[in-house]
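A.B. asks: pasting a predicted model and its sequence here:
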Amino acid sequence: MSQPESMRRVVVSRERIEVVRAEVPTPLAGQVQVRSVAVGICGSDTHAAHGRHPFIPMPYHPGHEVIGVVSALGEGVTSVAVGDRVTVEPDLPCWGCKMCTSGRQNLCENLQFFGCGWEQGGMADYFTLPANRLHAIPDGMDDRTAALIEPLSTPVHAVRIAGDVAGRAVVILGAGTIGLLVLAVVRAHGARRVVVTDVLEAKRDRARQLGADDVVDAAASDAADQVRSALGESADVVFDCVAVEPTVRQAIMMASKGGTVVIVGVPASDVSVPLAIVQDHQVRIQGSATYLPEDYAESIALLASGAVPVEQIVTRIRPVEEVAAAFEDSVSGEQIKVLIGMDPAFG
Ligand SMILES: [Zn+2]
Ligand SMILES: [Zn+2]
């Protein structure tokens with residue numbers, strides 16, 4: 001297929017979010033060129049756009065929740081073929097450090113991240129990546145569903161490193177996209193009882209519709225006590241998908257005694273915690289960072305099995321020309337997952 005000489009690319013700077021013309025990238029040896037079809041907007045994108053992400057410098061080229069079609073192969077690539085539908089595993093490990101050589105490349109000591117500070121992102125008509133960063137989308141999985149493979153992999157990883165949740169009492173703090181996807185994963189894993197908190201009533205209602213046993217207003221001064229009575233006990237695992245001081249404190253109080261607090265949200269700043277409770281009540285605080293290929297595999301399987309109500313998670317789709325408005329949608333509190341259509345036929 002002949003390729004155009006230039007393409008559209010989204011650039012996020014402090015002043016604006018805009019679509020510019022850029023050169024079409026050519027795949028080097030071992031790389032694949034992908035024609036982008038659709039891209040999700042992530043909390044990390046909107047945080048970065050407002051200068052509130054700790055690790056993304058400006059301006060940047062966004063788009064790490066991306067699906068597309070393989071459009072050209074670099075020398076030596078045999079794992080995919082032109083025309084294959086793929087999604088991206090966006091972390092770019094060095095493959096040489098202690099973490100990479102022990103199967104923990106999500107924690108690479110030299111980690112780069114496609115669409116988050118990297119020179120390329122998925123909000124461009126074409127991009128290039130090492131072939132091993134691509135996962136095949138199963139035949140029969142529609143594009144909207146496939147666009148959730150990356151976002152769902154984060155909760156899948158968090159649940160796995162929490163030590164699983166089958167038969168356990170679980171709390172999820174924050175009913176945004178990540179919180180609702182954590183809810184879908186813990187339900188699929190057989191959590192016994194699940195309570196979700198959020199400051200917004202509309203989001204609490206949504207969490208209830210999507211399978212929470214009960215919901216609690218996170219702004220209530222006794223939110224931790226309300227959650228304990230809604231659970232009927234302390235929490236075995238609390239997933240903090242907000243990661244601000246009040247939620248971390250609540251999470252520790254809910255997990256007391258002997259529970260685990262998993263920090264899933266990206267904190268915008270340091271917080272102080274009731275450390276005496278953490279020590280004396282043997283509370284485990286566990287960070288969770290992105291995912292590994294096995295998390296992608298489970299995410300794909302969960303989506304293929306219908307465990308995630310995609311129609312209720314993907315609430316807005318806009319063409320790339322409306323990317324600035326799409327970022328606004330994403331922070332409005334009205335939408336869950338907002339997708340950008342790169343391919344005019346998507347949507
Ligand atoms: Zn993301
Ligand atoms: Zn490494």
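C.D. replies: Cool, the structure landed. Numbering: from 1, shown residues only. Ligands and ions are numbered 1, 2, ... in the order given.
A.B. asks: tell me the phi and psi of residue 302?
C.D. replies: Per-residue torsions, residue 302: phi -60, psi -40 (degrees, to the nearest 10).
A.B. asks: please tell me how far the residue nearest to it when sequence neighbours are not counted sits from residue 347.
C.D. replies: Distances taken as Cβ to Cβ, 6 or more residues apart in numbering put residue 188 closest to residue 302, at 5.7 Å, once the chain neighbours are dropped. Using the backbone N, CA and C atoms, a C-beta is placed for each residue, glycine as well. Distance of residue 188 to residue 347, given as Cβ to Cβ, to the nearest Å: 28 Å.
A.B. asks: residue 229: how many residues sit nearby?
C.D. replies: 12 (other Cβ atoms under 10 Å).
A.B. asks: what's the helix or strand for it?
C.D. replies: Using DSSP states H and E, residue 229 falls within helix 223-231.
A.B. asks: mind checking what helix or strand follows that helix in sequence?
C.D. replies: strand 237-240.
A.B. asks: compute the inter-axis angle for the helix or strand following that following strand and helix 223-231.
C.D. replies: Of the helices and strands lying after strand 237-240 in sequence (DSSP H and E), the nearest is helix 245-255. Here helix 245-255 points in a direction 40 degrees away from that of helix 223-231 (axes from the mean of the first three to the mean of the last three Cα atoms, to 10 degrees).
A.B. asks: tell me what whatever helix or strand comes next after helix 245-255 is packed against?
C.D. replies: Per DSSP H and E, the first helix or strand lying C-terminal to helix 245-255 is strand 260-263. Helices and strands touching strand 260-263, by 3 or more Cβ pairs under 8 Å, 6 or more residues apart in numbering; DSSP states H and E, are strand 237-240, helix 245-255, strand 284-287.
A.B. asks: can you redo those as TSV with distance to ligand 2, mean neighbour count and mean pLDDT?
C.D. replies: Formatted as TSV, the helices and strands packed on strand 260-263 follow (distance: least, Cβ to the ion, whole Å; neighbours: other Cβ atoms under 10 Å; pLDDT from 0 to 100):
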stretch	distance to ligand 2	mean neighbour count	mean pLDDT
strand 237-240	27	30	98
helix 245-255	29	22	97
strand 284-287	18	15	98
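A.B. asks: now these as a markdown table including distance to residue 224?
C.D. replies: Listed next are these as a markdown table, based on distance: least, Cβ to Cβ, whole Å:
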| stretch | distance to residue 224 |
| --- | --- |
| strand 237-240 | 10 |
| helix 245-255 | 4 |
| strand 284-287 | 16 |
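A.B. asks: ok, which of the ones you listed comes nearest residue 79?
C.D. replies: Closest to residue 79 of these is strand 284-287 (Cβ to Cβ; 31.3 Å).
A.B. asks: gap between the closest one and the chain center?
C.D. replies: Centroid separation for strand 284-287 versus its chain: 19 Å, with Cα atoms, centre = their mean, to the nearest Å.
A.B. asks: quick check: residues of the protein near ligand 2?
C.D. replies: 93, 94, 97, 100, 108 (Cβ under 5 Å from the ion).
A.B. asks: quick one on the thing from earlier: neighbour count for residue 188 and residue 347, which is higher?
C.D. replies: Shown here are residue 188 and residue 347; by other Cβ under 10 Å, residue 188 has more neighbours (19 against 13).
A.B. asks: so who does the residue sitting nearest the centre point of the chain touch?
C.D. replies: Nearest to the mean C-alpha position of the chain, by Cα atoms, centre = their mean, lies residue 151 at 3.3 Å. Contact partners of residue 151, counting by Cβ atoms under 8 Å, 6 or more residues apart in numbering, are 40, 42, 65, 177, 178, 181, 337.
A.B. asks: give the helix, strand or coil label for it.
C.D. replies: helix (DSSP: H, G, I helix; E, B strand; the rest coil).
A.B. asks: quickly note the distance from residue 201 to ligand 2.
C.D. replies: Plainly put, residue 201 is 44 Å away from ligand 2 if you go by Cβ to the ion, to the nearest Å.
A.B. asks: just give the nearest non-adjacent residue to that residue, would you?
C.D. replies: residue 217 (7.6 Å).
A.B. asks: that neighbour and residue 27, how far apart?
C.D. replies: Using Cβ to Cβ, residue 217 is found at 51 Å from residue 27.
A.B. asks: looking at these two, which is more packed in?
C.D. replies: The residue with more neighbours, out of residue 217 and residue 27, is residue 27; 22 against 15, by other Cβ under 10 Å.
A.B. asks: against residue 293, how distant is that one?
C.D. replies: From residue 27 across to residue 293, the span is 21 Å (Cβ to Cβ).
A.B. asks: how far away is residue 325 from ligand 2?
C.D. replies: From residue 325 to ligand 2 the distance is 38 Å (Cβ to the ion).
A.B. asks: secondary structure class for that residue?
C.D. replies: helix.
A.B. asks: what's the burial count for the residue nearest to it when sequence neighbours are not counted?
C.D. replies: Nearest non-adjacent residue to residue 325, counting by Cβ to Cβ, 6+ apart: residue 318, 6.4 Å away. When neighbours are counted by other Cβ under 10 Å, residue 318 registers 18.
A.B. asks: ok, the residue nearest to residue 118 when sequence neighbours are not counted - contacts?
C.D. replies: Nearest residue to residue 118, sequence neighbours excluded (Cβ to Cβ, 6+ apart): residue 112, at 5.5 Å. Contact partners of residue 112, counting by Cβ under 8 Å, 6+ apart, are 91, 92, 118.
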